[in-house]
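# Take a look and give me a structure for this.
(one chain, ligands or ions: 1)
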Amino acid sequence: MQYVVDPSPISIVPVARSESLFPVHRIYCVGQNYGDHVREMGGDPEKGSPVFFSKPADAVVINNHSVDYPLATNNLNYEVELVVALASGGTNIGIDDAMSCVLGYAVGIDFTKRDLQAAAKEKGKPWDTAKGFDQSAPISAISLAEDVAEIGKTKIMLEVNGEVKQHASTEDMIWNVAEIIVELSKYYQLKAGDLIFTGTPSGVSTVQAGDHMRAAIDGVGELTVELK
Ligand code: MN
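All right, here's what the predicted structure looks like:
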């Protein structure tokens with residue numbers, strides 16, 4: 001037997017300070033996880049249950065690579081996010097076991113076609129075309145969890161063309177990393193190779209072709225992306 005077409009290559013993310021590569025299985029994302037961002041989008045930040053959506057694994061763009069301005073939008077937004085990389089998974093993971101699934105952390109941008117998302121929200125339709133598009137998930141190298149001091153209380157920021165647009169603390173997350181893993185594993189069998197984008201703080205806005213973004217999380221790393 002043989003493949004009828006060539007199989008797609010595996011998406012990879014480098015591991016910081018090593019020669020290792022992280023093979024991406026799935027990309028899960030959490031929406032509305034910082035109160036000030038929920039409010040700027042016109043919502044009410046109540047801790048009900050988290051909003052989950054996903055991106056295809058090949059939406060990953062590694063650090064220092066440019067991203068082409070995507071199709072079918074006039075309002076592309078950046079969203080800086082802490083990204084969790086899983087070394088193991090499971091279903092119905094308990095809160096005491098959640099952090100043992102974590103391999104490490106990275107800085108990511110959840111690129112969003114805000115015009116398409118707003119139209120979908122208004123009609124109660126899915127967000128897929130607004131979120132799960134090509135090159136929509138730039139990500140830094142992964143820092144191993146053992147090298148990251150305090151993930152629950154560290155600074156997260158993003159600047160566009162040298163001007164700071166987003167700055168917050170991961171302390172402001174409504175659902176912390178362990179709680180996200182617990183909740184997500186109620187719906188999906190989590191696996192080694194999964195990435196979880198954990199939501200963005202306030203300050204999201206439009207970017208144009210030619211804009212240069214630099215995102216950083218203290219103790220985790222840095223990500224630079226140029227929009228072409
Ligand atoms: Mn997001």
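
# for this protein, what's the longest helix?
Ranked by number of residues, the top helix in the chain under DSSP state H is helix 114-123.

# Identify each buried residue in that one, please.
Within helix 114-123, the residues that qualify as buried are R114, D115, L116, Q117, A120, counting by 16 or more other Cβ atoms under 10 Å. Where you see a C-beta, it was placed from the backbone N, CA and C, and this is true even at glycine.

# Could you measure from the fourth one over to V207?
According to Cβ to Cβ, to the nearest Å, Q117 stands 15 Å off from V207.

# what does the last one give?
For A120, the distance to V207 (Cβ to Cβ) stands at 20 Å.

# same check, this time on the third one
In this view, L116 and V207 are 15 Å apart by Cβ to Cβ.

# Alongside the ion, which residues does the protein contribute?
Within the chain, the residues that sit near the ion (Cβ under 5 Å from the ion) are E79, D110, T200.

# how does it look with 6 Å?
Within the chain, the positions lying close to the ion (Cβ under 6 Å from the ion) are C29, G31, E79, E81, D110, F197, G199, T200.

# Looking at those, spot the one nearest H65.
D110 (16.4 Å; Cβ to Cβ).

# Kindly state the pLDDT recorded for that closest one?
Looking at D110, its pLDDT is 98.

# Contacts only, for the closest residue to it other than its chain neighbours.
If the residues on either side of it in the chain are set aside, D110 comes closest to E79, at 4.2 Å by Cβ to Cβ, 6 or more residues apart in numbering. Residues counted as contacts of E79 (Cβ atoms under 8 Å, 6 or more residues apart in numbering) are I109, D110, F111, T112, T200, V204.

# rerun that using 7 Å as the cut-off
The neighbours of E79, taking Cβ atoms under 7 Å, 6 or more residues apart in numbering as the test, are I109, D110, T112, T200, V204.

# ok, and the helix or strand in the protein with the lowest average confidence?
Using mean pLDDT, DSSP states H and E, helix 35-40 stands out as the lowest-scoring helix or strand of the chain, at a mean of 92.

# after that helix, next one along is what?
Next helix or strand after helix 35-40 toward the C-terminus (DSSP states H and E): strand 51-55.

# Regarding the nearest residue to S66 once chain neighbours are set aside, what is its secondary structure?
The shortest distance from S66 to any non-neighbouring residue, by Cβ to Cβ, 6+ apart, is to E226 (4.4 Å). Following DSSP: H, G, I helix; E, B strand; the rest coil, we place E226 in the strand state.

# neighbours of E226, just the number please.
13 (other Cβ atoms under 10 Å).

# again with F111
As a burial measure, F111 scores 27 neighbours (other Cβ under 10 Å).

# now do G152
Neighbours of G152 (other Cβ under 10 Å): 12.

# residues contacting it?
G152 makes contacts with T170, E171, N176, as judged by Cβ under 7 Å, 6+ apart.

# mind checking the backbone torsions on the closest residue to the second one other than its chain neighbours?
Using Cβ to Cβ, 6+ apart and skipping the chain neighbours, the partner closest in space to E171 is K153 (4.5 Å). Geometry field for K153 lists phi and psi as phi -150, psi 70, criterion degrees, to the nearest 10.
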